[in-house]
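Chemist: here is my input, please return the structure:
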Amino acid sequence: MENKEYKTTELLRRFLPYYKPHIKTVALDLFCAALTTICELVLPLIMRYITNEGMRDLAVLSVRTVIILGAIYFALRIVDSIANYYMADVGHVMGARIETSMRKDAYSYLQKLSNTYYNNTKVGQIMGRITNDLFDVTEFAHHCPEEFFIAAIKAVAGFIILSVINVWLTLIIFCIVPVMFFTCMALNRKMKRAFSKQRYQIGELNARIEDSLLGQKVVKAFTNEDMENEKFAKDNQRFFEIKKETYKYMAAFQTTTRMFDGVMYLAVIIGGGIFMVKGLIKPGDLVAYMLYVTTLIATIRRIIEFAEQFQRGMTGIERFLQIMDADIDIFDEEGAQPLKNVSGNIKFENVSFEYPDDHNMVFSNLNLSINAGEKIAIVGPSGGGKTTLCNLIPRFYDIDSGCISLDGRNIKNFTLKSLRQHIGIVQQDVYMFSGTVYDNIVYGKPDADREEVIEAAKLAGADSFINQLKDGYNTYIGEHGVKLSGGQKQRISIARVFLKNPPILILDEATSALDNESEFEVAKSLVKLSKGRTTLTIAHRLSSIRNSDRILVLTQEGIVEEGNHDELMAKRGMYYQFYTMADRWQ
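Modeler: Next up is the predicted model:
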């Protein structure tokens, strides 16, 4: 996965459209933020009035006046509480909605990415980006406009009020603010880089844990627990070192803000004290001034401390965009039409293909014609391109040159969805989703009713063993189907394809990992499944393909032999060597 870096302006520009459905909520949230700010700014004015009036003539300051001022302030605090509740509740929910929308977009986009992307990207990294990295977006989406809006009001109102009290002292204070701001921003940039490294290492740690846990049987079989612990400890320590670096910048950041706080208070104490001695500022004004400066410092500190959350949010958005900007290699061509009324004639014309990530040439000017309903078997040495050839038909990869046609039309002229809907694939490495037997079969046709599912299971020879399970079709099979045997999983996958009922069938070493009894049962199911369909079978056990209409021997040089079993045996070529060698081993 490419770790592209984005400027903050670009991140914000790409993120802002997510506010559009919530513009009313944002507006009301900012209105509430303005109310809380006004309530906060009134207190120093009340204290200024009480102090100045008391110093001038205590008799003028009546109990009634104090009670009225207190009532006004109490009413403002009620308004402040209601506004703050809205901000904390509805504002956070808005942030969560934005996070949910972004996660939905990321997941939807991941479905469009090609095999090449997944071949080069760790699942742990992907999961980290669409879960942990987006958690901070909730806080960011809610607080970002709110915090900057409040800061702007306090800065402008504070400057005006403080200038009215004493313009020269205000200028001194506000000369310190830019120095404080730019110093902290320099530290912020370092924090952003540290947070980015931290998020990347979380993904690496997730990938390590996932890899080890999914392969725990292999780990135990080879007694490599100590080695796995050592590898995990190394990644874990690396994560600790990155967090330590992050905390170093956070500490420097917080220390810098506290230092500037002290400088601003010092300026008020010395400057305000001198101005009061010279009669340029009243005692009540100095009290109000100190309260406003305290509010201003708290605001600046809040914004600067929010910068940590801001950088976390920016990092989450950046890693989100790194998914959204990944290239979609396989897509519907302009003018692509839905595929209908498929016969199953497949033709390769001068097809050349190399894997885009390692540029390993697999085919060069390959030519092959397959008739509708024909049973084709593909054999050959490992690495000869058997699986790759089959993967090109549903466009799991796109060819570099030449043409693959279906019923006389280039497969690129069809929409991806309709093309793949007409192709059924049964692989050696069967993938079972976490759920029930029924869930995994109905996956082949989500709108199928229960009778159709049961009929598909019967055709696949799976109905009898399914009914013997504890809860029949409602039996939970565990993650990746761990509660089922290899033969049972394979028959369920065949039932899934029966339910899909595609006119084109690809069998990729569908029985090679099974024991003899399971292979026999699955082979019977595959014979039923392939009846009346264009079928491509990849097999290492050559006895299972003797009755194929045509057998292709595929090597790195292309198709070197072609014919039925008897014709190829009579040639005594490569197929003959494969077959007799397999016969000796059986």
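Chemist: Phe306 touches Ile150, doesn't it?
Modeler: No. Assessed by CB atoms under 8 Å, Phe306 is found out of contact with Ile150, at 10.1 Å. Yep, even glycine has a C-beta here, placed from its N, CA and C like the rest.
Chemist: show me where pLDDT drops low in the stretch 201-350 of the chain?
Modeler: Along the stretch 201-350 of the chain, segments meeting pLDDT under 70 span 217-218, 221-222, 304-305, 308.
Chemist: what of the chain?
Modeler: In the chain, residues with pLDDT under 70: 1-3, 56-61, 217-218, 221-222, 304-305, 308, 512-518, 582-586.
Chemist: all the strands of it, in order from the start?
Modeler: 346-354, 361-370, 375-379, 401-406, 409-410, 423-427, 504-508, 534-538, 550-555, 558-563 (DSSP state E).
Chemist: may I see those organised as JSON lines, with mean neighbour count and distance to Ala457 added?
Modeler: Formatted as JSON lines, the strands of the chain follow (neighbours: other CB atoms under 10 Å; distance: least, CB to CB, whole Å):
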{"stretch": "strand 346-354", "mean neighbour count": "18", "distance to Ala457": "29"}
{"stretch": "strand 361-370", "mean neighbour count": "17", "distance to Ala457": "29"}
{"stretch": "strand 375-379", "mean neighbour count": "23", "distance to Ala457": "24"}
{"stretch": "strand 401-406", "mean neighbour count": "17", "distance to Ala457": "29"}
{"stretch": "strand 409-410", "mean neighbour count": "13", "distance to Ala457": "35"}
{"stretch": "strand 423-427", "mean neighbour count": "22", "distance to Ala457": "15"}
{"stretch": "strand 504-508", "mean neighbour count": "23", "distance to Ala457": "18"}
{"stretch": "strand 534-538", "mean neighbour count": "25", "distance to Ala457": "21"}
{"stretch": "strand 550-555", "mean neighbour count": "21", "distance to Ala457": "31"}
{"stretch": "strand 558-563", "mean neighbour count": "17", "distance to Ala457": "36"}
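Chemist: just send those back as TSV, with distance to Gln125 too.
Modeler: As requested, the strands of the chain are exported to TSV (distance: least, CB to CB, whole Å):
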stretch	distance to Gln125
strand 346-354	26
strand 361-370	27
strand 375-379	34
strand 401-406	33
strand 409-410	35
strand 423-427	25
strand 504-508	27
strand 534-538	31
strand 550-555	35
strand 558-563	37
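Chemist: which one of these lies closest to Ile270?
Modeler: strand 346-354 (74.2 Å; CB to CB).
Chemist: and the closest one, which strands flank it?
Modeler: strand 361-370 (antiparallel), strand 401-406 (antiparallel) (DSSP bridges).
Chemist: who touches it?
Modeler: 360-370, 388-389, 392-393, 397, 399-406, 408, 504, 534 (CB atoms under 8 Å, 6 or more residues apart in numbering).
Chemist: Asp429 is in contact with His480, correct?
Modeler: No. If you go by CB under 8 Å, His480 and Asp429 don't touch, sitting 10.2 Å apart.
Chemist: need the contact partners of stretch 319-327.
Modeler: Residues from elsewhere that reach stretch 319-327 (CB under 8 Å, 6+ apart): 1-4, 6, 11, 14, 102, 105-106, 109-110, 113, 117, 126, 128-130, 133-134, 137, 196, 199.
Chemist: could the strands paired with strand 346-354 go into JSON lines alongside distance to Tyr73?
Modeler: Shown next, in JSON lines, are these (distance: least, CB to CB, whole Å):
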{"stretch": "strand 361-370", "distance to Tyr73": "78"}
{"stretch": "strand 401-406", "distance to Tyr73": "78"}
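Chemist: about what we covered before: so which of the strands of the chain comes closest to Ile466?
Modeler: strand 423-427 (17.6 Å).
Chemist: got the CA coordinates for the closest one in PDB?
Modeler: Written as PDB, here are the backbone C-alpha positions of strand 423-427 (Å, rounded to 0.1, in the frame of the first residue of the first chain):
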ATOM      1  CA  ILE A 423     -19.000 -17.800 -14.100                       C
ATOM      2  CA  GLY A 424     -18.900 -20.300 -11.200                       C
ATOM      3  CA  ILE A 425     -15.500 -21.100  -9.500                       C
ATOM      4  CA  VAL A 426     -14.700 -24.000  -7.200                       C
ATOM      5  CA  GLN A 427     -11.200 -23.800  -5.800                       C
END
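Chemist: tell me the strands beside that strand, with direction?
Modeler: Looking at strand 423-427 with DSSP bridges, its partner strands are strand 504-508 (parallel).
Chemist: with only the CA atoms kept, save the strand it pairs with in CSV.
Modeler: Below are the C-alpha coordinates for strand 504-508, written out as CSV (Å, rounded to 0.1, in the frame of the first residue of the first chain):
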residue,chain,number,x,y,z
ILE,A,504,-19.3,-21.3,-17.3
LEU,A,505,-17.5,-23.3,-14.6
ILE,A,506,-13.9,-23.2,-13.4
LEU,A,507,-12.6,-26.0,-11.2
ASP,A,508,-9.2,-25.1,-9.8
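Chemist: just the angle for that strand relative to strand 534-538, thanks.
Modeler: If you take axes from the mean of the first three to the mean of the last three CA atoms, to 10 degrees, strand 504-508 sits at 10 degrees to strand 534-538.
Chemist: ok now strand 504-508, how far from the chain's centre?
Modeler: Using CA atoms, centre = their mean, to the nearest Å, the mean C-alpha position of strand 504-508 is found 31 Å from that of the whole chain.
Chemist: which other residues reach it?
Modeler: By CB under 8 Å, 6+ apart, the residues outside strand 504-508 that reach it are 342, 344, 346, 387, 390, 393-394, 406, 422-428, 497, 526, 529-530, 533-539.
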